[in-house]
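Q: quick one, what's the 3D model for this:
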Amino acid sequence: MKPLFPVAVALMLAVSGVAMAAQPAPSAQDKAAADAQAEANERAGLPDLRAINRPAAEVSSKVEINQPRTPSFYERSGNGTEITEYRDKGKPVEIDVRSNFGTRYQMSAPADTSPRVYESGKPPARLPSVNLHY
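A: Numbers count the residues shown, from 1 in each chain. Got it, this is the predicted structure:
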């Protein structure tokens, strides 16, 4: 019985392949009948089901990899101090302050960016770091 099993499986696959090939392709008459049905639906006030069921594919957004970063806030004071703020989606706000004397301040991002309830008794988790160049 075991030697005949692969032969039987191969025979079944061959018969199913022939049956699939024997099916006729949709004819122009079938297409005309579908168009007539769509026109009848439209006259009856029904929506176009082909447009609803098969919407065209649309590109919703594109990702730019090397896109230049634009600041959300920039100010340059009279004494030469520059304040730049960046607000990127999904990231904490970054603040960069550069003074005319070579001092640079950067607001550090918190280690944990998950949302939490603000407690009035605790200081904020973000503290500026100072870099002095001599």
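
Q: low-scoring stretches of this structure, by residue?
A: Within the chain, the stretches with pLDDT under 70 are 1-2, 11, 13, 15-27, 55-56, 108-113, 123-134.

Q: hey, where'd the strands end up in it?
A: 73-76, 82-86, 94-98, 103-107, 128-132 (DSSP state E).

Q: angle of the fourth one against strand 94-98?
A: Angle, strand 103-107 to strand 94-98, by axes from the mean of the first three to the mean of the last three C-alpha atoms, to 10 degrees: 170 degrees.

Q: sorry, back to before: single out the most deeply packed of the strands of the chain.
A: Most buried of those, by mean neighbour count (mean count of other C-beta atoms under 10 Å): strand 94-98, with a mean of 17. For every residue, glycine as well, the C-beta is placed using N, CA and C.

Q: give me the angle between that one and strand 82-86.
A: 170 degrees.

Q: within its sheet, name the partner strands of strand 94-98 and how each one runs.
A: strand 82-86 (antiparallel), strand 103-107 (antiparallel) (DSSP bridges).

Q: could you export these as JSON lines, including distance to residue 52?
A: Listed next are those as JSON lines, based on distance: least, C-beta to C-beta, whole Å:
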{"stretch": "strand 82-86", "distance to residue 52": "43"}
{"stretch": "strand 103-107", "distance to residue 52": "50"}
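
Q: quick one: closest of the ones you listed to residue 76.
A: Of all the strands paired with strand 94-98, it is strand 82-86 that lies closest to residue 76, at 5.0 Å by C-beta to C-beta.

Q: then that closest one to CSV, C-alphas only?
A: Extracted C-alpha coordinates of strand 82-86, given in CSV (Å, rounded to 0.1, in the frame of the first residue of the first chain):
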residue,chain,number,x,y,z
GLU,A,82,21.1,81.7,20.3
ILE,A,83,18.2,79.7,21.6
THR,A,84,17.1,76.7,19.4
GLU,A,85,14.3,74.3,20.2
TYR,A,86,13.5,71.1,18.4
